[in-house]
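> Generate a structure from the sequence data that follows.
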Amino acid sequence: MEFSTITLKVIENGIRQQKVFQGMKIYSRTIPADDQTTITHQRIYTTPKGNFVFHQHTRPNWEGYWREDENRVMPQDIEESTMLKICSSLDELDDTIPTPVLASLASKVAQDEIVEYLDI
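Got it, this is the predicted structure:
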């Protein structure tokens, strides 16, 4: 596996920081809120030491901002939030990632199927 430098933005107590480590992204998904006011990005990285880094970033959804709607939530009124969790096992993420996805990902990691080299 080829690892690269990963830089994640983290907000802790209103203070913006950057966390830098060597890793490779193995999972990513984007989840819009039911009311479309926010978008949550979830990512999982693996590290050379065999740990997993879960990063979640929830930010305002600016997509429908220009629509004419007096009752809409203003994106600038929504605070961003982040979560950074370092795990030794993917099982520690069962409260944040759907079980079937987590099981499939764990299987691919265990069988070293994250990177497939193609001779094409």
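
> Can you point out the buried residues in the lengthiest strand in the chain?
What stands out as the longest strand in the chain, according to DSSP state E, is strand 15-32. By neighbour count on 16 or more other C-beta atoms under 10 Å, the buried set for strand 15-32 is 21, 23, 26, 27. For glycine as for every other residue, the C-beta is placed from the backbone atoms N, C-alpha and C.

> and if you look at stretch 84-94?
In stretch 84-94, the ones that count as buried by 16+ other C-beta under 10 Å are 84, 90, 93.

> repeat for stretch 95-104
97, 102.

> Quote the end-to-end distance of that stretch.
End-to-end span of stretch 95-104 (C-alpha to C-alpha, to the nearest Å): 16 Å.

> tell me the mean pLDDT for that stretch?
Averaged over stretch 95-104, pLDDT sits at 89.

> Please list the residues outside it that contact it.
Taking contacts as C-beta atoms under 8 Å, 6 or more residues apart in numbering, the residues outside stretch 95-104 that touch it are 27, 42, 44, 54, 56, 90, 91, 93, 94, 105.

> lowest average confidence, helix or strand, in this protein?
Lowest by mean pLDDT, DSSP states H and E among the helices and strands of the chain is helix 99-110, with a mean of 89.
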